[in-house]
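In: Need coordinates for the below:
(2 chains)
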Amino acid sequence: QQPVQSPQAVILREGEDAVINCSSSKALYSVHWYRQKHGEAPVFLMILLKGGEQKGHDKISASFNEKKQQSSLYLTASQLSYSGTYFCGTEGGSNYKLTFGKGTLLTVNP
Amino acid sequence: SAVISQKPSRDICQRGTSLTIQCQVDSQVTMMFWYRQQPGQSLTLIATANQGSEATYESGFVIDKFPISRPNLTFSTLTVSNMSPEDSSIYLCSVADRDYGYTFGSGTRLTVV
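Out: Coordinates of the predicted model:
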């Protein structure tokens, strides 16, 4: 089942913060976060594993509430380069198969 | 993380024909994945390509329409067969790593006319 992302879109001014949420109706093994710029492939940001392990971008932070099957991506002091569509991908078991949410379009303006 | 070379980057094809998309990885990987992404939409998993065994297809995708080959641990192809305009999309291959997440190929933008 496709995870639900919110908000669908957000507009920021440079330096502002944003939170993107991802929720699933089923138990999760991991949650991934990716950023995709127009015309480009998605780029890995973070992976949050069941049990608390996290790996990814030094300047990106995220949380994973295993009980609620929810994850949040925290973008602080946003930069123009943060603009793009953010996707969460959820893994139901340790099989590397991801189901992606519909995406959150983030626009950072000067 | 792995580096993937995917080609072609784009193609315009006549309906009823087939197109084969190739992905070459710079390191040996066990699992490769093929995704489809409609412009402005999310990514949908087509199938998992494992070396030495048949690909595993997701619901809504069948081998006759999307045959996949995986001859070795660094290469895979996806063929889109008997194309119709509904097959117009971006097709991406990817590999997975627990430390680096998914790495995606640059994508193939397919237009069927």
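In: Residue of chain B closest to chain A, please.
Out: residue B:101 (3.5 Å; Cβ to the nearest Cβ). For every residue, glycine as well, the C-beta is placed using N, CA and C.
In: and that residue, bridged to which residues?
Out: residue B:97 (DSSP bridges).
In: Find me the pLDDT at residue 71, would you?
Out: No chain specified, so I'll use chain A. We have a pLDDT of 96 for residue A:71.
In: oops, chain B please
Out: Value listed for residue B:71 in the pLDDT field: 92.
In: Count the residues that sit near it.
Out: 10 (other Cβ atoms under 10 Å in any protein chain shown).
In: ok, now which ones touch the residue of chain B closest to chain A?
Out: A:32, A:34, A:44-47, A:55-56 (Cβ atoms under 8 Å, 6 or more residues apart in numbering or on different chains).
In: of all the residues you listed, which two lie farthest apart?
Out: A:34 and A:55 (13.6 Å; Cβ to Cβ).
In: neighbour-wise, which of the two wins?
Out: residue A:34 (23 against 15).
In: What residues does chain A have near chain B?
Out: A:2, A:32, A:34, A:40-47, A:49, A:55-56, A:87, A:89, A:96-103 (Cβ under 8 Å from any Cβ of the partner chain).
In: Of those residues, keep whichever come out buried.
Out: A:32, A:34, A:41-47, A:49, A:56, A:87, A:89, A:96-103 (16 or more other Cβ atoms under 10 Å in any protein chain shown).
In: Mind jotting down where the strands sit in chain A?
Out: In order along the chain, chain A carries the following strands (DSSP state E): A:4-6, A:9-13, A:18-23, A:30-36, A:43-49, A:54-56, A:61-65, A:70-75, A:84-91, A:99-100, A:104-109.
In: for residue A:38, phi and psi?
Out: Here is the backbone geometry of residue A:38 (degrees, to the nearest 10): phi -60, psi 130.
In: Check the chain and tell me which residue is nearest its centre.
Out: In the absence of a named chain, this looks at chain A. residue A:33 (3.6 Å; Cα atoms, centre = their mean).
In: think we crossed wires, I meant chain B
Out: Central residue of chain B (Cα atoms, centre = their mean): residue B:34, at 3.6 Å.
In: Please tell me how far that residue sits from residue B:54.
Out: 14 Å (Cβ to Cβ, to the nearest Å).
In: Neighbours of residue 52, how many?
Out: If you meant another chain, say so; for now it's chain A. Neighbours around residue A:52, by other Cβ under 10 Å: 8.
In: Please refer instead to chain B.
Out: Neighbour number of residue B:52 under other Cβ under 10 Å is 9.
In: pretty sure it is in a strand, no?
Out: No. The assignment for residue B:52 (DSSP: H, G, I helix; E, B strand; the rest coil) gives coil, which keeps it out of a strand.
In: Distance check, the closest residue to it other than its chain neighbours against residue B:32.
Out: Counting by Cβ to Cβ, 6 or more residues apart in numbering or on different chains, residue B:70 is the residue found nearest to residue B:52 once chain neighbours are left out, at 7.7 Å. Using Cβ to Cβ, residue B:70 is found at 7 Å from residue B:32.
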